[in-house]
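Engineer: Can you look at this prediction? I've put the sequence above it.
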Amino acid sequence: MPSDQEPTHLAAMKGDGFYNRHSAMQTTGIAALLPLWEAACRTVVVGEGPMTIVDYGCSQGRNSMIPMRVAIEALRLRSGVPIEVVHTDLPSNDFSALFEVLASDLNSYMNDASEVFPSAIGRSYFEALFPPQRVGLAWTTWALQWMSVSTIEAPDHILAGMSSEASVVAAVREQQAKDWELFLTLRSREMRPGAKLLAGFTARTANATGWEWLLGELWAAVCDMATEGWLSEPERKRLTIPIGLRTLAEIERPFAEAGVFAGLALDHLELVKLADPCWEDFERSGDASAFAKRYADMTQAWCAPMIASLVAPFREPTAFLAELFARFEQRLSERPRRHEPYMAAVVLSKRA
């Protein structure tokens with residue numbers, strides 16, 4: 001249900017390059033999207049002027065290097081126009097890690113690049129980021145599951161979108177519908193005719209998300225801490241990560257009547273079940289502790305700053321997080337399971 005408190009600003013991924021080092025699941029999802037992305041890059045309208053490629057929700061950049069390289073290589077087969085690559089994320093994002101990757105990573109798209117110009121914008125993609133008709137290609141992954149505000153509190157789960165409370169389910173659906181239409185409207189204004197956008201984000205079937213085990217154990221760790229006095233009941237309820245998980249029907253809804261929404265056509269929509277990037281190593285080694293450590297770190301990378309922002313300052317958020325993720329890691333090591341979440345793959349094109 002909605003909270004009476006002021007909205008909490010969304011937090012970026014864990015800094016100091018931590019997200020770059022612990023995002024194997026995100027890398028797996030991106031790999032599954034690359035064939036769709038390459039096809040979009042090969043068929044997008046190029047034109048005569050500079051081509052602007054935008055990476056919405058770039059985080060610390062390592063997972064953007066290969067997609068941007070794929071785009072540049074596909075465009076170079078067709079044209080020698082200058083290419084501008086603009087990475088965007090929240091103001092609190094670790095942009096220094098992004099620029100370090102651009103300068104020194106083996107997969108940096110700037111290696112041997114010619115007429116390629118990178119830059120970054122520190123603002124939310126729930127705002128206008130570019131002048132009208134500036135963007136020719138757009139990429140966003142592992143971002144659009146986040147809601148634009150953090151005003152929903154779930155009494156029964158740490159993730160808003162995994163609550164079973166009817167009022168919470170309704171509030172999440174309403175907010176995500178508004179956010180999706182806002183995102184589409186803003187991007188359409190920024191995209192030039194013939195431009196394409198690929199989005200990959202956490203989604204679900206009617207009955208499952210793929211996150212039941214992993215985030216169920218995180219919620220159980222929170223509940224254990226509340227029982228032991230680390231959190232009051234109102235604080236435990238407030239500890240709700242503002243993420244929802246759309247179904248394909250919810251993603252398609254704005255396009256259902258006319259096939260076009262805000263000038264954007266829905267070219268492709270599918271639900272992809274991702275492979276667990278850690279399970280083969282676990283089966284080979286049998287090392288449950290190492291398996292749990294990898295997943296605890298991957299989870300910290302995307303949600304620890306958000307959780308810290310929701311914990312009362314007098315609780316000493318750093319100590320709280322250390323305790324929470326130690327308990328979480330222990331629970332994972334005692335009950336290791338495959339983690340195979342669902343991702344929506346969406347390709348949109350701007351009508352003339």
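Structural biologist: Looks like it arrived, so ask away.
Engineer: would you say Ile121 is within a strand?
Structural biologist: Yes: under DSSP: H, G, I helix; E, B strand; the rest coil, Ile121 sits within a strand.
Engineer: Could you tell me the per-residue confidence at Ala171?
Structural biologist: According to the prediction, Ala171 has pLDDT 97.
Engineer: doesn't Glu153 make contact with it?
Structural biologist: No: with contact defined as C-beta atoms under 8 Å, Ala171 and Glu153 do not form a contacting pair (9.2 Å). Every residue, glycine included, has its C-beta placed from N, CA and C.
Engineer: Tell me which of the two has more neighbours.
Structural biologist: Using other C-beta atoms under 10 Å, the more surrounded residue of Ala171 and Glu153 is Glu153, with 24 against 21.
Engineer: how close does the more buried one get to Glu235?
Structural biologist: 10 Å (C-beta to C-beta, to the nearest Å).
Engineer: hey, which strand is longest across this structure?
Structural biologist: strand 191-203 (DSSP state E).
Engineer: would you put the C-alpha positions of it in PDB?
Structural biologist: Written as PDB, here are the backbone C-alpha positions of strand 191-203 (Å, rounded to 0.1, in the frame of the first residue of the first chain):
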ATOM      1  CA  MET A 191      14.100   9.400 -31.100                       C
ATOM      2  CA  ARG A 192      14.200  10.400 -34.700                       C
ATOM      3  CA  PRO A 193      12.100   8.700 -37.400                       C
ATOM      4  CA  GLY A 194      13.400   5.200 -38.100                       C
ATOM      5  CA  ALA A 195      15.200   5.000 -34.700                       C
ATOM      6  CA  LYS A 196      15.200   1.800 -32.700                       C
ATOM      7  CA  LEU A 197      15.200   1.000 -29.000                       C
ATOM      8  CA  LEU A 198      15.900  -2.300 -27.400                       C
ATOM      9  CA  ALA A 199      14.900  -2.800 -23.800                       C
ATOM     10  CA  GLY A 200      15.500  -5.900 -21.600                       C
ATOM     11  CA  PHE A 201      14.200  -5.900 -18.100                       C
ATOM     12  CA  THR A 202      13.000  -8.200 -15.300                       C
ATOM     13  CA  ALA A 203       9.600  -9.700 -16.100                       C
END
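Engineer: Could you identify the helix or strand that succeeds it?
Structural biologist: Per DSSP states H and E, the first helix or strand lying C-terminal to strand 191-203 is helix 212-227.
Engineer: tell me the mean pLDDT for that following helix?
Structural biologist: On average, helix 212-227 scores 96.
Engineer: List of residues touching the following helix or strand past it?
Structural biologist: Counting by DSSP H and E, the element after helix 212-227 in chain order, helix or strand, is helix 233-238. Identification of contacts with helix 233-238 by C-beta atoms under 8 Å, 6 or more residues apart in numbering yields 3, 5, 153-155, 222-223, 226, 310-312, 315.
Engineer: Format the residues you listed as JSON lines; extra columns: distance to Arg284 and secondary structure.
Structural biologist: Shown next, in JSON lines, are the contacts of helix 233-238 (distance: C-beta to C-beta, whole Å; DSSP: H, G, I helix; E, B strand; the rest coil):
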{"residue": "Ser3", "distance to Arg284": "45", "secondary structure": "coil"}
{"residue": "Gln5", "distance to Arg284": "47", "secondary structure": "coil"}
{"residue": "Glu153", "distance to Arg284": "42", "secondary structure": "coil"}
{"residue": "Ala154", "distance to Arg284": "37", "secondary structure": "coil"}
{"residue": "Pro155", "distance to Arg284": "40", "secondary structure": "coil"}
{"residue": "Val222", "distance to Arg284": "32", "secondary structure": "helix"}
{"residue": "Cys223", "distance to Arg284": "33", "secondary structure": "helix"}
{"residue": "Ala226", "distance to Arg284": "37", "secondary structure": "helix"}
{"residue": "Leu310", "distance to Arg284": "38", "secondary structure": "helix"}
{"residue": "Val311", "distance to Arg284": "38", "secondary structure": "coil"}
{"residue": "Ala312", "distance to Arg284": "43", "secondary structure": "coil"}
{"residue": "Arg315", "distance to Arg284": "40", "secondary structure": "helix"}
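Engineer: neighbours around Thr141, how many?
Structural biologist: 27.
Engineer: Excluding chain neighbours, what is closest to it?
Structural biologist: Gly200 (4.3 Å; C-beta to C-beta, 6 or more residues apart in numbering).
Engineer: State the distance from that neighbour to Glu190.
Structural biologist: Gly200 is 19 Å from Glu190, by C-beta to C-beta.
Engineer: between these two, which one's more packed in?
Structural biologist: Legend: neighbour count by other C-beta under 10 Å for Gly200 and Glu190, higher for Gly200 (26 against 22).
Engineer: okay but Asp297 is in contact with Asn20, surely?
Structural biologist: No: Asp297 lies out of contact with Asn20 (C-beta under 8 Å); the separation is 11.7 Å.
Engineer: Same drill for those two, tell me which one is more crowded.
Structural biologist: For Asp297 versus Asn20, neighbours defined as other C-beta under 10 Å are more numerous around Asn20 (22 against 19).
Engineer: Look up phi and psi at the more buried one.
Structural biologist: phi -60, psi -40 (degrees, to the nearest 10).
Engineer: That one and Ser96, how far apart?
Structural biologist: 11 Å.
Engineer: How about Ala171?
Structural biologist: Taking C-beta to C-beta as the measure, Ala171 falls 36 Å from Ser96.
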